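S.K.: Quick one, fold the following:
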Amino acid sequence: MKGGPDVTDTLTDAELAQYTRDGYWVVEGLFSSDEMDALRGRAAHYVEHPKEGIRIQIEPRVECGEAEPPSRLERVRKIEELVRHDDLFARFARDPRVLSRLRAVVGEPVRLFRDAFM
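M.R.: Numbering: from 1, shown residues only. So this is what the prediction gives:
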């Protein structure tokens, strides 16, 4: 897997500062557009064809009838347990580009507590 051309394998000072301040950080371009398309496509597949063990949460305004998004995927608030039940999502969760940044913040061992595609 290859990310964008300007992405390094280490946490930048700005990312660390954002994590310290906000409890998360955003890495633009960590994954290529093809990689992101693959993840979005897989998530869309599970919205249309649910798989046992994968939890799909619908947006509350949609659930109560206040909103009607144009597509089924846009109805979804989040999809959980993808890493446990899908090899593609598991590969991304174990990708060195992700793990190297996590190790910079939490050290070893890095463990996944839960996952959500939002």
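S.K.: Only the buried residues of the helix or strand where Leu99 lies, if you could.
M.R.: For Leu99, the enclosing helix or strand under DSSP states H and E is helix 96-106. For helix 96-106, the neighbour count (16 or more other C-beta atoms under 10 Å) marks Arg97, Val98, Arg101 as buried. Glycine gets a C-beta too; all of them are placed from N, C-alpha and C.
S.K.: Distance from the chain centre to that helix, please.
M.R.: With C-alpha atoms, centre = their mean, to the nearest Å as the basis, helix 96-106 stands 15 Å off its chain's centre.
S.K.: export the helix ranked longest in the chain as PDB, just CAs?
M.R.: Ranked by residue count under DSSP state H, the longest helix found in the chain is helix 33-48. What follows is helix 33-48, C-alpha atoms only, in PDB (Å, rounded to 0.1, in the frame of the first residue of the first chain):
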ATOM      1  CA  SER A  33      -7.400   7.800  -3.400                       C
ATOM      2  CA  ASP A  34      -7.500   4.300  -4.800                       C
ATOM      3  CA  GLU A  35      -7.100   2.900  -1.300                       C
ATOM      4  CA  MET A  36      -9.800   5.100   0.000                       C
ATOM      5  CA  ASP A  37     -12.100   4.200  -2.800                       C
ATOM      6  CA  ALA A  38     -11.600   0.500  -1.900                       C
ATOM      7  CA  LEU A  39     -12.600   1.200   1.700                       C
ATOM      8  CA  ARG A  40     -15.600   3.300   0.700                       C
ATOM      9  CA  GLY A  41     -16.700   0.600  -1.800                       C
ATOM     10  CA  ARG A  42     -16.400  -2.100   0.800                       C
ATOM     11  CA  ALA A  43     -18.400  -0.100   3.400                       C
ATOM     12  CA  ALA A  44     -21.100   0.600   0.800                       C
ATOM     13  CA  HIS A  45     -21.200  -3.200   0.000                       C
ATOM     14  CA  TYR A  46     -22.000  -3.900   3.700                       C
ATOM     15  CA  VAL A  47     -24.700  -1.300   3.700                       C
ATOM     16  CA  GLU A  48     -26.400  -3.100   0.800                       C
END
